[in-house]
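> Build the 3D model from these lines:
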Amino acid sequence: MRFLPSKWSAIFLDRDGVICREVSYLRSIRHLRLLPRAARSVRRLNQAGVSVILATNQSVVARKGLSPARLEEIHEELARRLAKAGAHLDAIYICPHHPTDGAGKYRRVCACRKPKPGMLLRAAKEHGIRLSQSVMIGDKLSDLEAGRRAGCATVLVLSGQGRETCRQMKAMKLAGMADVVCTTFPRAVDWCLGLLGRKLPGKRQ
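This next block holds a predicted model:
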């Protein structure tokens, strides 16, 4: 598998455990922490001319642990911190729903909650993205499944919940769910840039 450089390519990212420190239901800006070299790595993708799109499940909204307005504030702060390093996200997609928890309009079965590919499909439609030329980077099985169902290449990072996910994949014989396993997000970016025009590196980095 190798991709040609294309303005229609995108790198989809999960948030917690991939570019931000994993916490249990991030509810406050004061708990927002970018992982080491995450901003610099996003900047490298920006410079390569691919769209960088966040796709994150946020059922904390359905569970009434965080309002949509406060979640937007967190993402505005994330954008500010990335901008300090000369990096940016081209779009942020969230799924605020949960099929059984919470109440009101956010408690429902939806098409956007990963492992369903709805957020990626919507992004492709709205931004003219070729999903077959794109990559989903995540630390959970739901990230990888969403990417595969959308037709993307998939990368498992071992940060966040990635090591536990790796164990689950081995136990469930799902090794093919990830096209590659990388120790960190910066290493995953190296692999993605390889897809965009250089010889692919090895399977684990």
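
> Surely Arg40 touches Pro186?
Yes. Counting by CB atoms under 8 Å, Arg40 touches Pro186, with 7.4 Å between them. Just so you know, the C-beta spots here come from the backbone N, C-alpha and C atoms, and that holds for glycine as well.

> where does this structure dip in pLDDT?
1-7, 197-205 (pLDDT under 70).

> Neighbouring strands - and their directions - for the longest strand anywhere in it?
In the chain, taking DSSP state E as the definition, the longest strand is strand 51-57. Strand pairing for strand 51-57, using DSSP bridges, gives strand 10-13 (parallel), strand 91-95 (parallel).

> What lies in contact with it?
For strand 51-57, contacts defined as CB atoms under 8 Å, 6 or more residues apart in numbering pick out 9-16, 19, 42, 45-46, 75, 88-95, 113-114, 119-120, 123, 127, 129, 136, 142, 146.

> Are any of those residues buried, and if so which?
With neighbours counted using 16 or more other CB atoms under 10 Å, the contacts of strand 51-57 contain these buried positions: 9-16, 19, 42, 45-46, 75, 89-95, 113-114, 119-120, 123, 129, 136, 142, 146.

> What ranges does the chain have for its strands?
10-13, 51-57, 91-95, 135-138, 153-157, 180-182.

> Take those and lay them out in TSV including distance to His31.
Formatted as TSV, the strands of the chain follow (distance: least, CB to CB, whole Å):
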stretch	distance to His31
strand 10-13	19
strand 51-57	15
strand 91-95	17
strand 135-138	20
strand 153-157	20
strand 180-182	25
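
> picking up where we left off before, of the strands paired with strand 51-57, which is nearest Lys105?
strand 91-95 (13.0 Å; CB to CB).

> now the closest one: how far from the chain's centre is it?
Its chain's C-alpha centre and that of strand 91-95 lie 10 Å apart, by CA atoms, centre = their mean, to the nearest Å.

> Next: stretch 11-26.
Distance, stretch centre to chain centre, for stretch 11-26: 7 Å (CA atoms, centre = their mean).

> on that earlier part again, can you add distance to Ala62 and give the strands paired with strand 51-57 back as CSV?
Shown next, in CSV, are the strands paired with strand 51-57 (distance: least, CB to CB, whole Å):
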stretch, distance to Ala62
strand 10-13, 22
strand 91-95, 9
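
> Which strands and helices lie in contact with the lengthiest helix in the chain?
Counting residues, the longest helix in the chain under DSSP state H turns out to be helix 68-84. Packing partners of helix 68-84 (3 or more CB pairs under 8 Å, 6 or more residues apart in numbering; DSSP states H and E): helix 38-47.

> the helices in the chain, which residues?
38-47, 68-84, 118-127, 141-150, 162-171, 185-195.

> Any chance of JSON lines for the ones you listed, columns distance to Val60?
Output for the helices of the chain, formatted as JSON lines (distance: least, CB to CB, whole Å):
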{"stretch": "helix 38-47", "distance to Val60": "21"}
{"stretch": "helix 68-84", "distance to Val60": "8"}
{"stretch": "helix 118-127", "distance to Val60": "16"}
{"stretch": "helix 141-150", "distance to Val60": "15"}
{"stretch": "helix 162-171", "distance to Val60": "20"}
{"stretch": "helix 185-195", "distance to Val60": "22"}
